[in-house]
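Enquirer: could you look at this predicted model? Sequence included:
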Amino acid sequence: MKTGREILAERGPIDKDVVAVTVNGVLRDFHTPVDPTATVKAVRANEKLGLEVIRHSTAHVMADAVQRLFPGTQVTIGPAIEDGFYYDFDKAGGGTFSEDDLAKIEATMKGITAENTPFQREVIGRKEAIDLFTKMGEKYKVDIIQRRPEGETLTLYRHGKPEHQWVDFCAGPHVPSTGFLGAVKLTSVAGAYWRGDERNPMLQRIYGTAFPTQKALDAYLKQVEEAKARDHRKVGKELELFHFDPIAPAMPFFLPKGAYVYNAMVSYVRELYVKYGYEEVITPQAFDPKLFRTSGHLGNYNENMYRLWTEDMFEEVRAKIEAGKYDGDPNLAVKGVLDELGQHAFGLKPMNCPSHCVIFGARKRSYRELPWRVADFGRLHRYERGGVVHGLARVRSFCQDDAHIFCTVDQVASEMAKFIAMIQEAYSTFGFEKFDVKLATRPDKRIGSDEFWTIAEDALSEGLKKAGLEFEIAEGEGAFYGPKVEFHVLDALKRSWQLGTIQYDPNLPERFDLEYTSNDGTAKRPVMLHRAVLGSLERFFSVYLEHCGGNFPAWLAPEQVTIVTVHEDLNAYATEVEQKLKAKGIRVTSDVSNDKLGAKIRNARLQRVPYIAVVGQKEAQAQSLGVRSRDAGELGAIAVDAFIEKLVAESKPTHA
Ligand SMILES: [Zn+2]
Ligand SMILES: [Zn+2]
């Protein structure tokens, strides 16, 4: 059989950036013999699979370097992971690797990659492999080999000069030679138990990352730094936007400045609601569990729900116990109390949909009322496990810019197009110019006929085409009751976030037995579209905060202007200007403290205030301000009235 390299070579010279092949879609290196009928494709260094091959191959080179520098250290496993790779070592003599060690290892790795020797593949028998690694004193490798299933093809990979070859027991694939590697950064060390089991020895895991070029590596490292600097938890603390306290785990406290931004976002969405024909409702927070039995949440979502128990309910159960209902049997009493709790404890709503169904079903509805778009900023509670909550990005208490559209099947495509227009307008206001769209279609586990799914999927894709949007199909990723469309934005650091969604749901209208009277007088069932533009506002807050790095545009900034005086004689003028600006609705403070001018300016800068207005003798005489823009630099002297006009204009979300 020919190898992947031989098959590629028959087609012409192999490009320098080809690092491996796929054989019928499975990643393989150049050396592996290939079934002649298989489809072979080249894998390039900058593709996801190519990066994986580079990173895993780099892990071999790192292990080689570690064993050169720390003789007696044993190797275990070294996979590629998201954004890099690691290798776990049992370090000779114990202890860990220091920062200095990492630098030495990196330098030794450079030497190995400079030698540019090939990665050689070698098939080996089980016994020979065990003998080889036993002789080398690599007891973890022996353990790994012994656990491989009988009959599997076992392989070794070697690299290095003949006088110093480094060998690993590995299934591959690897790059053709070590010369393909070199843009490497070792990032950290952590303890890790062998096989993840704390009864096993503690190993030292060295993490690193690798890229096809130094330029790509530098860009990545810069992005990591930038992401750290913009981490919403850090910026949120610096700007005093929000706070967490164990008294309400994973439920944010928005501080005055954060609450300002949050409310400004909500006001903006409300403006869109007027423009796009939505009506807002306010619905209860806690419901009789009957509601969630009807909606199905109690069956499918109960582990994420908070339940409420009132003092009256406690009293009722106490009375039952005292009246001898449970025959004095404590086990029976406990079971009885739990049953009561399950039956009657109120549920805090995890979603708004059920209460909107209640409103729709509260009176007779006519086809003339459809489509009916009903919006709700209701606070939602979902119990998320401790391990998955993260700053504002994943919390247990939040609101969505949530709305439901009740409509006929025929109206879905045009509603979809209208929704997309709204999404485009909103994302561009927040400075997300690019977004990707995915249509998630019927999953294997689903309800409803194939005919229904075809109608629903066609309606959504027709709406997308109407809006002139390109989209990707996410096969089988729809909800069990209907297809959905997801909108993913790219932030300033080119990271992708899913924000918007629209979901086709015939299931809830069915469960709530919702009907409208059609134009021929018969009763028909509406379709329900669940949709959100920003999604969870808490999560959107975190995404947006990292996108803008805390540099809120003037329309969102909790403080738009800080006035600073050069001398205390000017405090009266500063206060006068402050009052004038405030009268026009501008969010302004003046720093009339005894601090030096430089310190005042630095404080305002740290707070990322869009404008700093400096007041000196000259400005006071001319009724002007010396204005510095955070984004545009020094603007020079501006008359107070002109500055007010500028800020009033910039306070509108649509200004940009
Ligand atoms: Zn390997
Ligand atoms: Zn919903």
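Expert: All right, it came through fine. Numbers count the residues shown, from 1 in each chain. Ligands and ions are numbered 1, 2, ... in the order given.

Enquirer: which residues of the stretch 1-150 of the chain lie near ligand 2?
Expert: Neighbours of ligand 2 within the stretch 1-150 of the chain, by CB under 5 Å from the ion: none found. Backbone N, C-alpha and C define where each C-beta goes, glycine included.

Enquirer: so what's the residue count around the residue of the stretch 1-150 of the chain found nearest ligand 2?
Expert: Nearest residue of the stretch 1-150 of the chain to ligand 2 (CB to the ion) works out as Glu82 at 31.2 Å. Glu82 is flanked by 6 other residues according to other CB atoms under 10 Å.

Enquirer: for it, report the pLDDT, please.
Expert: Looking at Glu82, its pLDDT is 89.

Enquirer: ok, now how distant is it from Leu51?
Expert: Going from Glu82 to Leu51 by CB to CB, to the nearest Å gives 10 Å.

Enquirer: so for stretch 7-19, mean pLDDT?
Expert: For stretch 7-19, the per-residue pLDDT averages 91.

Enquirer: export it to CSV, keeping only CA atoms.
Expert: Below are the C-alpha coordinates for stretch 7-19, written out as CSV (Å, rounded to 0.1, in the frame of the first residue of the first chain):
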residue,chain,number,x,y,z
ILE,A,7,-0.4,9.6,-3.0
LEU,A,8,-0.1,13.4,-2.6
ALA,A,9,3.2,13.4,-4.6
GLU,A,10,1.5,11.7,-7.5
ARG,A,11,-0.7,14.8,-7.9
GLY,A,12,2.3,17.1,-8.1
PRO,A,13,4.8,18.8,-5.8
ILE,A,14,3.6,18.9,-2.1
ASP,A,15,3.2,22.5,-0.8
LYS,A,16,5.4,23.4,2.1
ASP,A,17,2.6,24.0,4.5
VAL,A,18,1.1,20.5,4.1
VAL,A,19,1.7,18.8,7.4
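
Enquirer: how about His164, secondary structure?
Expert: Of the three states, His164 takes coil under DSSP: H, G, I helix; E, B strand; the rest coil.

Enquirer: okay, now it: neighbour count?
Expert: Neighbours around His164, by other CB under 10 Å: 12.

Enquirer: so how far is ligand 2 from it?
Expert: Counting by CB to the ion, to the nearest Å, the gap from His164 to ligand 2 is 63 Å.

Enquirer: can you check Gly191 too?
Expert: Where ligand 2 is concerned, Gly191 sits at a distance of 44 Å (CB to the ion).

Enquirer: residue ranges for the helices of the stretch 351-500 of the chain, please.
Expert: 353-360, 412-429, 450-466 (DSSP state H, counting those that start in this stretch).

Enquirer: as TSV, those helices with distance to ligand 2, mean pLDDT and mean neighbour count would be great.
Expert: Formatted as TSV, the helices of the stretch 351-500 of the chain follow (distance: least, CB to the ion, whole Å; pLDDT from 0 to 100; neighbours: other CB atoms under 10 Å):
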stretch	distance to ligand 2	mean pLDDT	mean neighbour count
helix 353-360	3	98	21
helix 412-429	14	94	19
helix 450-466	16	91	17
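
Enquirer: pLDDT value on Asp100, please?
Expert: Asp100 is given a pLDDT of 95.

Enquirer: now do His655
Expert: pLDDT recorded at His655 is 57.

Enquirer: got a list of what whatever residue of the stretch 201-350 of the chain ends up closest to ligand 2 touches?
Expert: At 9.9 Å from ligand 2, Ser295 is the closest residue in the stretch 201-350 of the chain, using CB to the ion. Counting by CB atoms under 8 Å, 6 or more residues apart in numbering, Ser295 touches 353-354, 357, 508, 511-512.

Enquirer: now the one residue in the stretch 401-550 of the chain that gets nearest to ligand 2. Nearest residue, chain neighbours left out?
Expert: At 3.3 Å from ligand 2, His530 is the closest residue in the stretch 401-550 of the chain, using CB to the ion. For His530, ignoring the flanking residues on the chain, the nearest one in space by CB to CB, 6 or more residues apart in numbering is Gln503 at 4.3 Å.

Enquirer: and for Pro212?
Expert: Counting by CB to CB, 6+ apart, the residue nearest Pro212 is Ala45, at 3.6 Å.

Enquirer: and the one you found, how many residues sit next to it?
Expert: Ala45: 21 surrounding residues under other CB under 10 Å.

Enquirer: which SS class is Tyr262?
Expert: Per three-state DSSP, Tyr262 ends up helix.
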